[in-house]
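3D model of this:
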Amino acid sequence: MSLRTVRPFLAILAVAGLAACTATPGPAPSSGGPTASSSATESASATPAPDTETTVPAPSPSAPPGPTAGPGAGNAELAIMVKPSPTEPALNYTLVCRDGVPAPESKHPKADAACAALKSNAALLSPAPKNTNRVCTEQYGGPETATVTGIVDDTPVDTSFARTNGCEIGAWTAAEDVLGATGGAS
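Next comes the predicted model:
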């Protein structure tokens with residue numbers, strides 16, 4: 001089932017749920033008048049409100065614009081720390097890329113793949129802010145954590161990764177070449 005098919009259905013369910021839970025001021029129903037269940041049914045069959053999920057808030061004027069997903073210049077200077085577990089020592093890498101190619105000062109196990117990944121997706125290390133309303137699968141991908149700081153295409157980067165739920169595992173997998181570690185069973 002596609003997202004296009006699901007959204008109208010979800011909007012109708014939301015309207016029906018809100019109508020059933022919302023008290024409407026007015027006269028008390030008479031024996032022959034509409035009941036709460038019939039008004040909920042009427043609301044559910046009405047045209048749903050416009051889709052507000054796709055509304056993107058305007059960036060604040062004080063925040064610098066971050067890179068957008070898609071190709072970038074491929075320039076980066078990053079310090080990467082991967083901690084396999086709380087008891088193991090951290091692995092530290094330096095990644096320097098110029099036009100998507102590793103510079104000689106890079107000390108990274110997958111420098112070619114990491115620079116290529118950053119060039120093909122400049123926003124790879126600038127994920128959207130974590131949404132507390134986002135639903136993530138409750139699965140554990142391992143104890144690994146990682147921190148990446150530096151600059152990608154003139155944009156500051158200071159982000160962390162973990163593998164404690166499905167959303168974080170997905171972000172880790174997307175940045176795996178840059179992190180330089182496979183992490184868990186992936």
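
Cys115 reaches Pro102, doesn't it?
Yes. Here Cys115 reaches Pro102: they are 5.0 Å apart, a contact under C-beta atoms under 8 Å. To be clear about C-beta, it is placed using only N, CA and C from the backbone, and glycine gets the same treatment.

Tell me where this structure has helices.
Counting by DSSP state H, the chain has helices at residues 3-21, 36-45, 111-120, 166-174, 176-179.

From Asp112, how far out is Gly100?
For Gly100, the distance to Asp112 equals 9 Å [C-beta to C-beta, to the nearest Å].

Tell me which of these two has more neighbours.
Gly100 (19 against 14; other C-beta atoms under 10 Å).

so what's the more buried one up against?
73-74, 115-116, 118-119 (C-beta atoms under 8 Å, 6 or more residues apart in numbering).

if we go to 7 Å?
74, 115-116, 119 (C-beta atoms under 7 Å, 6 or more residues apart in numbering).

Got the confidence number for it?
pLDDT, Gly100: 93.

Give me the distance between it and Ala79.
Counting by C-beta to C-beta, the gap from Gly100 to Ala79 is 19 Å.

The nearest residue to Ser120 once chain neighbours are set aside: neighbouring residues, count only.
Leaving out its chain neighbours, the residue that sits closest to Ser120 by C-beta to C-beta, 6 or more residues apart in numbering is Pro71, at 6.0 Å. Neighbour count of Pro71, defined by other C-beta under 10 Å: 11.
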